[in-house]
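S.K.: Next input, structure requested:
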Amino acid sequence: MKKLILAGVLAGTSFAVSADFIIQQRVAPIEAETEASVSSGGIIQCDFNHHSLYLKEDKTLWGVGYNGQGQLGLGHTTTQPSWVHLADDVDSAGCSYLTSLFVRAGTIWSTGYNQFGQLGLGHNIEQASFQNTGVNDVASIEGGYYTSNIIKTDGTAWSSGRNNAGQLGLGDTTNRSSFQNTGIGDVKKVVSGLESTSYLKNDGTLLSVGISHYGQLGLSNESTVFSVTQVATGIKDIARGMSHSILIKNDGSVWSAGYNGSGQLGLGNYLSKNVFTDTGVTGASTAYATAFSSSIIKDGVIWSAGDNSYGQAGLSGDLSPSLFKNTGLGANKVAAGFYHIFAQQADKTLFTAGRNHNYQLGLGTNSNQVTFTEVTPP
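M.R.: Predicted coordinates:
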């Protein structure tokens, strides 16, 4: 079986693929959240990260886990084993790699790693406390990998940070240290993979730009695409892993493209695809991805495929399933990190599984969780 092994040190964070397995816990199906209800709080999506954020109903923001670049905004770089209070009066929050961002009264604040200007502060100096970017009228934070993406209230997508492959969507390869208007409007969602970005518009049109070395942009090649290019129409949702993509069409069918060494495309094999390919799964509502695994919510239950070496796919005893399998865990929201996953239910009951070397699961210990474990929210 071909498998991509990613190991090394990125900005002070070490990572490697290892072998563990998971025992699943069964919980009743739950209806998936709408986008409006997702924004109301709870666990926050933190793509490719080893820290976690949680937004309470009282609008306080909390964090836990790795803090080596100051991404928790506490004024220091000490990793936090338990949930700590980060900020008040927060309307929404998000992460890009090794950073945290939040919106307060329409203005975006940011902290953490900033080598490429991804904090949007007009410079490249790392920050250990939240700073006001001065960017207003922000509706949502969409994250990124060494980039930060936001959607403004007028529906336009803006970006800041690394741009070596054109992933900022600005038509060039110059890094930016302040948020720039991509000119893409009517945007519903922005998702990022390794040095690439995809934009889902409200009318279901999907646009993408950046590296596609495994065909993850679904454009029938393995080349870098330096200009924003239309990929598909009729799309309901999209998730991006490190080098793969998962689509849900308006009819609920699930399609995938890109790197497949762990079976994360859900196609029953380990062969990469450079065009979006039908998995045969139907009835899906939302999609999520860790670095090398994929999850969907189908009939109120999480189904997963791909890398399960830390238990992040939520499937008992199967290290790299190549078909989407029912985890048995009911949830209406999933938040995926690098090698871990959170599953949130309608009453905000929270479960987690996967890698926990930096306390990112919010359990107060740093033991990996090879079974879905209930987390006490802050």
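S.K.: Output the below-cut-off pLDDT ranges for the stretch 101-250 of the chain.
M.R.: Within the stretch 101-250 of the chain, not a single segment meets pLDDT under 70.
S.K.: Show me where this structure has its helices.
M.R.: Using DSSP state H, the helices of the chain run over 35-38.
S.K.: Distance of the residue nearest to the spatial centre of it relative to residue 323?
M.R.: What sits nearest the mean C-alpha location of the chain, by Cα atoms, centre = their mean, is residue 47, with 3.0 Å. Going from residue 47 to residue 323 by Cβ to Cβ, to the nearest Å gives 24 Å. From N, CA and C alone the C-beta is placed, and that goes for glycine too.
S.K.: got the contact list for the residue nearest to the centre of the chain?
M.R.: Going by Cβ atoms under 8 Å, 6 or more residues apart in numbering, residue 47 touches 95-97, 143-145, 191-192, 240, 336-337.
S.K.: Now list the buried members of those residues.
M.R.: 95-97, 143-145, 191-192, 240, 336-337 (16 or more other Cβ atoms under 10 Å).
S.K.: who does residue 232 bridge with?
M.R.: Per DSSP bridges, the residues bridged to residue 232 are residue 206.
S.K.: and it, what does it touch?
M.R.: Residue 232 neighbours (Cβ under 8 Å, 6+ apart): 205-206, 218, 247, 276.
S.K.: Highest neighbour count among the residues you listed?
M.R.: residue 247 (27 neighbours; other Cβ atoms under 10 Å).
S.K.: and that one, what are its bridge partners?
M.R.: residue 238, residue 255.
S.K.: Go ahead and confirm it touches residue 237.
M.R.: Yes - counting by Cβ atoms under 8 Å, residue 247 does reach residue 237; the two are 7.4 Å apart.
S.K.: Find residues that contact each of the two.
M.R.: Common neighbours of residue 247 and residue 237 (Cβ under 8 Å, 6+ apart) are residue 287.
S.K.: Residue 315: how many residues sit nearby?
M.R.: 27.
S.K.: where does it land on pLDDT?
M.R.: In this prediction, residue 315 carries a pLDDT score of 89.
S.K.: Could you do residue 49 as well?
M.R.: 94.
S.K.: Likewise for residue 371?
M.R.: 84.
S.K.: That one bridge partners, please.
M.R.: residue 23.
S.K.: Residue 256 versus residue 274, what's the distance?
M.R.: 11 Å.
S.K.: Could you check which of those two has the larger neighbour count?
M.R.: Per other Cβ under 10 Å, whichever of residue 274 and residue 256 has more neighbours is residue 256, with 29 against 19.
S.K.: residues near the closest residue to the more buried one other than its chain neighbours, how many?
M.R.: Leaving aside its sequence neighbours, residue 256 sits nearest to residue 265 (Cβ to Cβ, 6 or more residues apart in numbering; 3.9 Å). Residue 265 has 33 neighbours, counted by other Cβ under 10 Å.
S.K.: Confirm for me that residue 265 is in contact with residue 276.
M.R.: No - with contact defined as Cβ under 8 Å, residue 265 does not reach residue 276; the gap is 9.6 Å.
S.K.: For the stretch 51-200 of the chain, which segments are assigned as strands?
M.R.: 51-55, 61-65, 80-87, 92-94, 99-104, 107-112, 127-132, 138-143, 147-152, 157-161, 176-181, 187-193, 196-201 (DSSP state E, counting those that start in this stretch).
S.K.: what would those look like in a markdown table with distance to residue 350?
M.R.: Formatted as a markdown table, the strands of the stretch 51-200 of the chain follow (distance: least, Cβ to Cβ, whole Å):
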| stretch | distance to residue 350 |
| --- | --- |
| strand 51-55 | 8 |
| strand 61-65 | 12 |
| strand 80-87 | 11 |
| strand 92-94 | 16 |
| strand 99-104 | 19 |
| strand 107-112 | 23 |
| strand 127-132 | 24 |
| strand 138-143 | 20 |
| strand 147-152 | 26 |
| strand 157-161 | 30 |
| strand 176-181 | 31 |
| strand 187-193 | 22 |
| strand 196-201 | 26 |
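S.K.: Nearest to residue 377 among the ones you listed would be which one?
M.R.: Residue 377 lies closest to strand 51-55 among those, at 5.8 Å (Cβ to Cβ).
S.K.: Give the pairing partners of the closest one; include direction for each.
M.R.: Using DSSP bridges, the strands paired with strand 51-55 are strand 42-43 (antiparallel), strand 61-65 (antiparallel).
S.K.: Just to check, residue 334 is in contact with residue 340?
M.R.: No - using Cβ under 8 Å, residue 334 is not in contact with residue 340; the gap is 11.1 Å.
S.K.: who wins for proximity to residue 353 among the strands of the stretch 51-200 of the chain?
M.R.: That would be strand 51-55 among these, by Cβ to Cβ, at 12.9 Å.
S.K.: Any chance you could list what contacts that closest one?
M.R.: Contacts of strand 51-55 (Cβ under 8 Å, 6+ apart): 41-44, 46, 61-67, 71-72, 83, 86, 90, 92-95, 100, 335, 337, 342, 358, 360-362, 377-378.
S.K.: can you check stretch 371-378 too?
M.R.: Contacts for stretch 371-378 (Cβ under 8 Å, 6+ apart): 22-25, 42-43, 54, 56, 62, 83, 85, 311, 314, 316, 327, 329, 342-343, 348-353, 361-363.
S.K.: give me that answer again for 7 Å
M.R.: Stretch 371-378 has contacts (Cβ atoms under 7 Å, 6 or more residues apart in numbering) with 22-25, 54, 56, 62, 83, 311, 314, 329, 343, 348-353, 361-363.
S.K.: ok, of the residues you listed, which come out buried?
M.R.: For the contacts of stretch 371-378, buried by 16+ other Cβ under 10 Å: 22, 24-25, 54, 62, 83, 311, 314, 329, 343, 349-353, 361-363.
S.K.: How far does stretch 256-275 sit from its chain's centre?
M.R.: 19 Å (Cα atoms, centre = their mean, to the nearest Å).
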